[in-house]
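Student: A predicted structure for the sequence below; I have some questions about it.
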Amino acid sequence: MKKKTSSLPLIPLTPKERSVLGFIEHQLMVTGVCPSYQEIRDHFGLASFNSIQNYLKQLTGKGYIEMVPHQKRAIRILHSANAVQEDLLRRFPKKGGPPRGSLLQAPGESLSLPLLGRVAAGQPIERVKANEFIEVPPLLVKKPDSTFVLEVEGDSMIDDGIWDGDYLLIQEQKTAKNGDIIVASVDDEATVKRFYLKNDNKGAMVELRPSNPRLKSMWYPSTDVEIRGLVCGLIRRY
């Protein structure tokens with residue numbers, strides 16, 4: 001006897017649950033591995049790891065993901081962040097679509113963010129300046145009013161999954177913690193690197209560290225480096 005499949009509708013996600021699931025999907029697509037708890041926490045600015053565990057439990061309980069025990073970064077996606085929309089459209093195919101308020105976000109909805117030029121994943125190459133706009137999935141952006149996009153040129157950050165031709169989402173910010181991936185201006189030219197502030201007998205020095213074993217760090221007096229923002233997302237076109 002053929003087993004009957006369930007026709008129960010998917011349980012809708014809250015906006016925050018959907019954002020967390022969308023971020024996990026995006027990282028899997030771009031890097032091939034699930035984000036760590038630290039990466040999820042940093043991306044959403046969560047106060048504790050308990051918050052992350054609660055979101056993952058909620059996503060598991062609603063049937064969107066499955067946690068693989070005893071493995072790091074082991075999250076199996078069972079349904080995408082858009083699955084509930086697809087399910088609703090399937091159930092209400094006639095004119096008028098699903099009941100009013102059923103969709104959490106209209107399919108194809110996007111944000112237009114300013115593309116401010118190119119940024120070097122190598123040596124600094126080009127002044128950041130206003131240019132055009134690029135469409136970005138809303139789930140990748142926490143603060144649209146203070147987020148812009150830069151196109152990557154170079155291969156110095158490949159070990160962090162940042163490749164030549166990628167588009168980086170940058171959240172404007174003037175400060176950073178050691179280890180953050182930032183966009184910095186040096187002599188009015190922009191570069192993307194990991195940031196480290198060190199104090200020695202020469203005073204405060206900034207190390208802009210590449211994520212490519214073939215390349216060496218660049219060192220500057222802290223007064224010569226202007227932090228433009230933190231890398232908070234990535235878009236890759238195939």
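Tutor: Done, it's in.
Student: can I see the domain layout of the protein?
Tutor: 15-91, 111-235 (automatic domain parsing).
Student: any idea which of those domains scores lowest on pLDDT?
Tutor: With a mean of 78, domain 15-91 has the lowest mean pLDDT of the domains of the chain.
Student: quick one: the helices in this structure?
Tutor: For the chain, the helices defined by DSSP state H cover 15-31, 37-44, 49-61, 83-91.
Student: if I pick Thr60, what's in contact with it?
Tutor: Going by CB atoms under 8 Å, 6 or more residues apart in numbering, Thr60 touches 66-67. C-betas here are computed from N, CA, C, even on glycine.
Student: distance of Glu207 from Ala184?
Tutor: 11 Å (CB to CB, to the nearest Å).
Student: out of the two, which sits in the more crowded spot?
Tutor: A side-by-side neighbour count of Glu207 and Ala184, using other CB atoms under 10 Å, places Ala184 first with 23 against 16.
Student: contacting residues for that one?
Tutor: Taking CB under 8 Å, 6+ apart as the criterion, Ala184 is in contact with 190-193, 195, 206, 208, 225-228.
Student: before we move on, back to that, between Glu207 and Ala184, which contacts overlap?
Tutor: With CB under 8 Å, 6+ apart, Glu207 and Ala184 have common neighbours Phe195.
Student: Straight-line length of stretch 200-215, end to end?
Tutor: 23 Å (CA to CA, to the nearest Å).
Student: In it, which residues are buried?
Tutor: Within stretch 200-215, the residues that count as buried by 16 or more other CB atoms under 10 Å are 205-212, 215.
Student: which one of those is nearest Ala81?
Tutor: For the buried residues of stretch 200-215, the closest approach to Ala81 (CB to CB) belongs to Ser211, at 27.9 Å.
Student: contacting residues for the closest residue to Ser185 other than its chain neighbours?
Tutor: Nearest non-adjacent residue to Ser185, counting by CB to CB, 6 or more residues apart in numbering: Glu226, 4.4 Å away. When contacts are counted by CB under 8 Å, 6+ apart, Glu226 touches 174, 184-186.
Student: wait, isn't His43 in contact with His26?
Tutor: No - taking contacts as CB atoms under 8 Å, His43 lies outside contact range of His26: 9.9 Å.
Student: between those two, what contacts are shared?
Tutor: Common contacts of His43 and His26, defined by CB under 8 Å, 6+ apart, comprise Gly233.
Student: if we can go back for a sec, looking at the contacts of Ala184, which are in strands?
Tutor: Using DSSP state E, the subset of those located in strands is 190-193, 195, 206, 208, 225-228.
Student: from those, which is closest to Leu13?
Tutor: Nearest to Leu13, judged by CB to CB, of the ones in strands among the contacts of Ala184 is Val192 at 31.9 Å.
Student: Just give me how far stretch 211-228 sits from the chain centre.
Tutor: For stretch 211-228, the separation from the chain centroid amounts to 22 Å (computed by CA atoms, centre = their mean, to the nearest Å).
Student: Ok, stretch 165-182 next?
Tutor: 11 Å.
Student: first to last residue in it, what's the distance?
Tutor: 17 Å.
Student: How about stretch 147-166?
Tutor: First residue to last in stretch 147-166 (CA to CA) measures 16 Å.
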